[in-house]
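[1] Take this sequence and fold it.
(one chain, ligands or ions: 1)
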Amino acid sequence: MSDKPPMVRFEGVSKHYGELTVLDRLNLEVAPTEKVAIIGPSGSGKTTVLRVLMTLEKVDEGIIWVDGESLTHMQRNNQLVPADRAHIRQVRGKVGMVFQHFNLFPHMTALKNCMEAPRTVLGLSRREAKERARELLEMVGLADKLQHYPAQLSGGQKQRVAIARALAMRPKVMLLDEVTSALDPELVGEVLTAIRRMGDEHNLTMLMVTHEMGFAREFADRICFFDEGRIMEQGRPEQILHAPKNERTRRFLQAVL
Ligand SMILES: Nc1ncnc2c1ncn2[C@@H]1O[C@H](COP(=O)(O)OP(=O)(O)OP(=O)(O)O)[C@@H](O)[C@H]1O
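    Predicted coordinates for the structure are as follows:
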């Protein structure tokens, strides 16, 4: 970890669904530009970490910080009080996400998909939004698909549009939720290449939930092994993947590697 203040910090964060504890007093710090891979068994709370950071779910306890500001609280008269909508929107704007199932607008071309939020949320002019969208679609290798609709694209191409669309909002933190899981194996490589490029060229802090241990090994600075809503073990990829200390990590890796 660097000595800079963390870009993302979970401080004692818990999330419950009825009796089920999905995040259990989770503490996690991610340094600026650090790439963290989250691995672990099904149901261990991996996706929930990303969803609470995107404010798609509320937390029951604890505080989440992004770039020095709390997503859940705000300062009022030197006190931390629950955040209001405007505050949440402002902090949440620093975070982008790419989903397993792309979530593209089906009635919009690739170019329009990438222009929509910068226009409506950031207030960019049509020209600015178009220029930004075009540049990003070129970066992910889709210069010849600008006018294609999602139904006319392969899974790998759709996921690359989704990457360009998330980048168009200029987030500081990018969340990736099993972005290659819905793809045919031969399309995985092109998406991983786009992700690598996105990390290198945009100085992003990244949290990715992945089942691709090879990608986690090559791309992540740190792997966190999740179990029962907590980080059971974390460390450099080579340490976690090749010399795990925790018995549960070892058993999980034996099953997936
Ligand atoms: N909206 C919800 N209502 C009730 N339970 C939920 C809800 N969302 C998630 N859960 C439960 O919370 C637990 C953690 O879910 P989460 O999606 O974070 O797990 P995960 O580690 O990402 O799993 P997977 O690898 O299978 O995607 C699971 O048991 C899931 O069934």
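[2] Dump stretch 250-257 to CSV, keeping only the CA atoms.
    Coordinates of each C-alpha in stretch 250-257 appear next as CSV, following Å, rounded to 0.1, in the frame of the first residue of the first chain:
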residue,chain,number,x,y,z
ARG,A,250,-6.4,-23.0,0.1
ARG,A,251,-9.6,-25.1,-0.3
PHE,A,252,-11.3,-22.5,-2.5
LEU,A,253,-8.2,-22.2,-4.8
GLN,A,254,-7.9,-26.0,-5.0
ALA,A,255,-11.5,-26.1,-6.3
VAL,A,256,-11.1,-23.3,-8.9
LEU,A,257,-7.5,-23.6,-10.2
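[3] That one: which residues count as buried?
    252-253 (16 or more other C-beta atoms under 10 Å). (C-beta placed from N, C-alpha, C; glycine too.)
[4] Tell me if that stretch is near the ligand.
    No: Stretch 250-257 is not in contact with the ligand by C-beta under 6 Å from any ligand atom; minimum separation 11.1 Å.
[5] Remind me which helix or strand the spatially most central residue of the chain belongs to.
    Geometric centre of the chain, nearest residue: Leu175, 0.5 Å, by C-alpha atoms, centre = their mean. Using DSSP states H and E, Leu175 maps to strand 173-177.
[6] likewise Leu187?
    Assigned by DSSP H and E, Leu187 falls in helix 185-202.
[7] got it, and Cys114?
    helix 110-120.
[8] who's in contact with the next helix or strand after that helix?
    Proceeding N to C from helix 110-120, the next assigned helix or strand is helix 126-139, under DSSP H and E. For helix 126-139, the external contacting residues (C-beta atoms under 8 Å, 6 or more residues apart in numbering) are 110-111, 114-115, 118-119, 124, 143, 145-146, 160-161, 164-165, 167-168, 194, 197-198, 201.
[9] relative orientation of the helix or strand following helix 126-139 and strand 173-177 in degrees?
    Sequence order places helix 155-167 as the next helix or strand after helix 126-139, per DSSP H and E. Orientation check (axes from the mean of the first three to the mean of the last three C-alpha atoms, to 10 degrees): helix 155-167 against strand 173-177 gives 150 degrees.
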